[in-house]
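Novice: Okay, sequence plus prediction incoming.
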Amino acid sequence: MFKKFSKNSALAGWTNKGFTIEEIEEIESEYLNGMTFPKAYKEFLFLAGKHTFIEADIMDWDWMIEEAEERFEQYNIPKIKRPIWITDQLDQCEQFGFIYLDEGVEDPIIYNCRPGYVQFGDKLIKRRPQGTFSNYINICVERAKIIDKSLKKRGNI
């Protein structure tokens, strides 16, 4: 699923670093209450889950989960009832990307949740234009290649 991503493991001055299979299973055990990650997300974690040059670089899931829950409370919005996994965030979870864990597909659709923007008339949940998680990662790679080229041109890496 991630041929382009695995071929471009170092861009924009960063190098991807992944989790082992055992570490991924530990994360599932700790956070997913008996569920498992979809295949595409597991592959991403294996290739670059610890550190990556793209937006999906998450280092502290406990913090992400707490921040997202705080945003729902802060804006008095009901929490998402289906099991989700946060894939990335902006502005301390004023908005975050996520996948549903109960779809039973290898490559889930990625969604945006914007609790901080509902008060301005935005929908709480929108499907991202990239569609599937793997397509989102591939688009992130293309953006990182542009940044990498620019940084090299300026002599910054």
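Specialist: All right, it came through fine.
Novice: Read off the pLDDT value for residue 133.
Specialist: With respect to pLDDT, residue 133 scores 95.
Novice: thinking it is in contact with residue 97, fair?
Specialist: No - Residue 133 is not in contact with residue 97 according to Cβ atoms under 8 Å; the separation is 9.0 Å. The way it works is simple: take the backbone N, C-alpha and C, and place the C-beta from them, glycine included.
Novice: shared neighbours, the two?
Specialist: 87, 110 (Cβ atoms under 8 Å, 6 or more residues apart in numbering).
Novice: so where do the helices sit in this structure?
Specialist: Secondary structure of the chain (DSSP state H): helices located at 3-7, 21-31, 39-48, 61-74, 133-154.
Novice: Residue 133 and residue 97: who's more crowded?
Specialist: Taking neighbours as other Cβ atoms under 10 Å, residue 133 and residue 97 compare with residue 133 leading, 27 against 22.
Novice: what separates the more buried one from residue 116, distance-wise?
Specialist: 23 Å (Cβ to Cβ, to the nearest Å).
Novice: likewise residue 89?
Specialist: The value you get for residue 89 to residue 116, if Cβ to Cβ is used, is 11 Å.
Novice: Apart from its chain neighbours, what residue comes closest to residue 90?
Specialist: Once flanking residues are discounted, residue 90 sits nearest to residue 96: 7.1 Å by Cβ to Cβ, 6 or more residues apart in numbering.
Novice: go on, residue 116?
Specialist: Residue 116 sits nearest to residue 94 (Cβ to Cβ, 6+ apart), 3.2 Å away.
Novice: need the contact list for that neighbour.
Specialist: 71, 114-117.
Novice: looking at it, the residue nearest to residue 90 is touching residue 112, isn't it?
Specialist: Yes - with contact defined as Cβ under 8 Å, residue 96 counts as touching residue 112 (7.4 Å).
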